[in-house]
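1. any chance you could fold what I've pasted below:
(chains A and B)
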Amino acid sequence: MSVRVRFAPSPTGYLHIGGARTALFNWLYARHTGGKFILRIEDTDAARNSHEAVKVILDGLRWLGLDWDEGPITADATGPSKGDCGPYFQSARKENYQRRVEALLSRGLAYEHEGAIKFKMTREPILIPDLVVGDVVRPLTDREELDPDWVLVRSDGQPVFHFVNVVDDLDMGITHVIRGEDHLSNTAKHIALFNAFGVRPPKYAHIPLILNKDGSKMSKRDTGASLATYLEEGYANEAVVNYLCLLGWSPKDNREMLPVKDVVELFDLPQILRHNARFDMDKLNWLNGEYLRAMAPDRFYEMSVHALARAGLNPDGHPLPYVKAALDTCRGKFKLFSELPAYGGFYFREEITCDPEAAQKCFTPENKPRVEKLRDAFGKLATFDAASLEAALKAVAAELGVKVGVLVHPVRLACTGSSSGPSLYHLMEVLGKDKVMQRIGSVLTVST
RNA sequence: GACCCUAUGGUCUAGCGGUUAGGACACCUCCCUUUCACGGAGGUAGCCCGGGUUCGAUUCCCGGUAGGGUCGCCA
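-> Below is the predicted model:
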């Protein structure tokens, strides 16, 4: 039987990083086995159902590159979809639930209670065979002993999650349920329901959860919990995917950076780790830096420009060759695009504000004449390129009998406003003679 | 309270009945260097605890502890 897996998020308005990984693992398994990856929107709760909230999910999955074989095409619950098992919004599947309730009712497996419909739950412990965790026996808890039956349909007519989830998986022919371990205990309910419908339950694979760095549960408000953060802050999507793959799964060959197509090839359920993983932003950032370094130039420019614009700078107001040359000097020097405005923003600003502390160290009465001398030397340069600038600076340093750093630091600060940045000689070449002379000049006139 | 899952450096992990317990991030030192980053060399740091089984347990079993999860007319 061909594999059919699904990702069934509830449109809450954001896509949790853990949910994103669940989607990824489902997708990886589908692609590994040649099966189908289905997207189903669990919008039973009307309060959580909004076009915008669904869009967040679709955008997130698309950004990660997790294409679905069946499911909605747009965020509109009544809009078009692909696949033969639709609708793919629970809000549009009411008849199915109704039909299933009646089937249980007519066979005495469910009953009405105070206006709600409850399921006659098995009293016996239930065996949950799990591809990740192994066989799990789940007896009733003490509270459940008091009343093992549970609500299928609320008194207001709304079916509950555990019920619709099972009915949809059944109607959609889902073969493997890959989901967060938080559902492991509840799986007993689901298996009992499948049994009541007289069908074999799907295979289960409960994957460990993603925790905060401190080991606490990662919830909505925690840093990095929302996938949208990475999208907005200009992470490379393949870095995020790569990092997520490494959380609870390993290629076992010490590779850290590996393309998703390799993961598709190697991925399988039994090798998923059984313990929760903590989210390590440092490692994600490192990986992002690696991908950023390997990124095709045009994409690098595009993402850089986006990051600069987001920080209020206007790179598009400069000639394209200038922008590209400027960005080339920044390439490989930072891990996150969000660092770029601080790193290379001086290329696109008219006014440079120097760090006061650094300025005090650099623009001393002793240094000023030296910098002035250097400026004069720069002024006489016929060609204002990195090699000439370097030669000129070194010549002046030699003449003054000082180390190059004595000149480099003040000039860097004057040109960029910062004590760290791209290669000084290259940066000055890109900036051009006018701006360099002007920026050096302006720090010389300011008293310190 | 009951039940379920889990346990290798700070973090992600590889591994195994006998290994100098491997890699990566982070951190520290040094080198390279105009700064930063990269790169190179080195370093600190780990098998949760207690019982078994065994000639021998990090590895297998049991217990404890700790962390996580579930027990809703939330999803």
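2. where in chain A is pLDDT low?
-> Low-confidence segments of chain A (pLDDT under 70): A:45-49, A:446-448.
3. what segments of it are strands?
-> A:4-7, A:36-39, A:71-72, A:81-82, A:110-113, A:116-119, A:126-130, A:134-138, A:150-153, A:176-180, A:203-207, A:210-211, A:277-278 (DSSP state E).
4. I'd like to know how far the closest residue to A:Ser10 other than its chain neighbours sits from A:Phe7.
-> Nearest residue to A:Ser10 in three dimensions, chain neighbours excluded: A:Glu42, at 4.5 Å (Cβ to Cβ, 6 or more residues apart in numbering). Using the backbone N, CA and C atoms, a C-beta is placed for each residue, glycine as well. A:Glu42 sits at a distance of 10 Å from A:Phe7 (criterion: Cβ to Cβ, to the nearest Å).
5. the more surrounded of these two?
-> Neighbours around A:Glu42 and A:Phe7, counted as other Cβ atoms under 10 Å, are more numerous at A:Phe7. The numbers are 25 against 19.
6. surely the more buried one touches A:Lys36?
-> No: the criterion here is Cβ atoms under 8 Å, and A:Phe7 misses it with A:Lys36 at 11.7 Å.
7. tell me the phi and psi of the residue nearest to A:Ser10?
-> phi -90, psi 80 (degrees, to the nearest 10).
8. so how far is A:Leu336 from it?
-> A:Glu42 is 33 Å from A:Leu336, by Cβ to Cβ.
9. now swap in A:Leu244 and tell me
-> With Cβ to Cβ as the criterion, A:Leu244 and A:Leu336 are 17 Å apart.
10. okay, the two: which has more neighbours?
-> Counted by other Cβ under 10 Å, A:Leu244 and A:Leu336 do not tie: A:Leu244 has more neighbours, with 27 against 18.
11. find the nearest non-adjacent residue to that one, please.
-> That would be A:Arg21: by Cβ to Cβ, 6+ apart, it lies 4.6 Å from A:Leu244.
12. what about that neighbour, how many residues nearby?
-> Quick note: A:Arg21 (other Cβ under 10 Å) scores 27 neighbours.
13. contacting residues around it?
-> A:Ile207, A:Ile210, A:Leu244, A:Leu247, A:Gly248 (Cβ atoms under 8 Å, 6 or more residues apart in numbering).
14. buried residues, stretch A:61-80. List them.
-> Buried residues in stretch A:61-80, counting neighbours by 16 or more other Cβ atoms under 10 Å, are found at A:Leu61, A:Trp63, A:Leu64, A:Leu66, A:Trp68, A:Asp69, A:Glu70, A:Gly71, A:Pro72, A:Ala75, A:Ala77.
15. tell me which two in the residues you listed are the farthest apart.
-> Distance extremes for the buried residues of stretch A:61-80: the farthest pair is A:Leu64 and A:Ala77 at 22.3 Å, using Cβ to Cβ.
16. ok, back up a step: can you list the contacts of A:Arg21 in a markdown table and add distance to A:Gly157?
-> Below are the contacts of A:Arg21 laid out as a markdown table (distance: Cβ to Cβ, whole Å):
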| residue | distance to A:Gly157 |
| --- | --- |
| A:Ile207 | 34 |
| A:Ile210 | 35 |
| A:Leu244 | 39 |
| A:Leu247 | 40 |
| A:Gly248 | 39 |
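17. out of those residues, which is most surrounded?
-> That'd be A:Ile207 among the contacts of A:Arg21, by other Cβ under 10 Å, with 29 neighbours.
18. identify the residues contacting that residue.
-> A:Arg21, A:Thr22, A:Phe25, A:Val132, A:Ile178, A:Arg179, A:Gly180, A:Glu181, A:Gly248, A:Ile272.
19. list the residues that contact the third one.
-> To tie it back to what came earlier, the one meant is A:Phe25. A:Ile178, A:Ala205, A:Ile207, A:Trp249, A:Phe267, A:Ile272 are the contacts of A:Phe25 under Cβ under 8 Å, 6+ apart.
20. just the residues you listed now: which is nearest A:Pro139?
-> A:Ala205 (22.0 Å).
21. rewinding a little: RNA strand B next: which of the contacts of A:Arg21 are close?
-> Filtering the contacts of A:Arg21 for proximity to RNA strand B by Cβ under 7 Å from any atom of the strand leaves A:Leu247, A:Gly248.
22. against A:Leu247, how distant is the closest residue to RNA strand B within the stretch 151-300 of chain A?
-> Distances between the stretch 151-300 of chain A and RNA strand B by Cβ to the nearest atom of the strand are smallest at A:His275, namely 2.8 Å. Look at A:His275 and A:Leu247: by Cβ to Cβ, they are 11 Å apart.
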